[in-house]
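Student: what follows is a protein structure lacking sequence information:
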């Protein structure tokens with residue numbers, strides 16, 4: 001059982017590692033780079049070089065429509081797992097998960113809408129956070 005809250009950075013690093021593991025477990029491919037950033041009651045996640053070998057093969061053979069449909073189905077199937085993973089790590093209910101993938105850049109974007117701002121030791125470090133605004137107003 002944790003005795004102290006994690007920092008924003010610790011949560012973002014943990015999310016990055018666990019998302020990489022999830023994608024490898026489910027799709028056999030880790031994204032080359034993952035960026036996680038909290039914004040008040042939102043979490044933005046960018047996954048770079050996300051496409052699987054099968055998707056790459058189909059794109060090289062000009063089956064773009066098929067890859068678009070496949071990736072849309074993959075993104076949709078991953079939403080519940082991502083929501084559960086985020087809730088487990090952050091300790092806040094996930095209201096909704098939005099996803100999209102750009103095949104040209106091989107990048108996926110995920111936005112998780114959270115029920116509340118995550119409880120972290122350094123709440124002022126979360127951009128756009130109500131708590132950081134309160135701290136800033138009190139220091140003026």
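Tutor: Noted; the coordinates are in hand. As the structure is a computational prediction, the values presented were derived from the model and not from experiment.
Student: any idea which helix or strand of the protein has the worst average confidence?
Tutor: Across the helices and strands of the chain, mean pLDDT, DSSP states H and E gives its lowest value to helix 130-139, namely a mean of 49.
Student: work out which residue lies at the spatial centre of the chain.
Tutor: Central residue check for the chain by Cα atoms, centre = their mean: the C-alpha nearest the mean position is that of residue 45, 3.3 Å away.
Student: not counting its neighbours along the chain, what's nearest that residue?
Tutor: In space, not counting the residues next to it along the chain, residue 45 is nearest to residue 110; the distance is 4.1 Å by Cβ to Cβ, 6 or more residues apart in numbering. For the C-beta atoms, the positions are set from N, CA and C on the backbone; glycine is no exception.
Student: got the contact list for that neighbour?
Tutor: Residue 110 sits next to 43-47, 82, 97-99 when contact means Cβ atoms under 8 Å, 6 or more residues apart in numbering.
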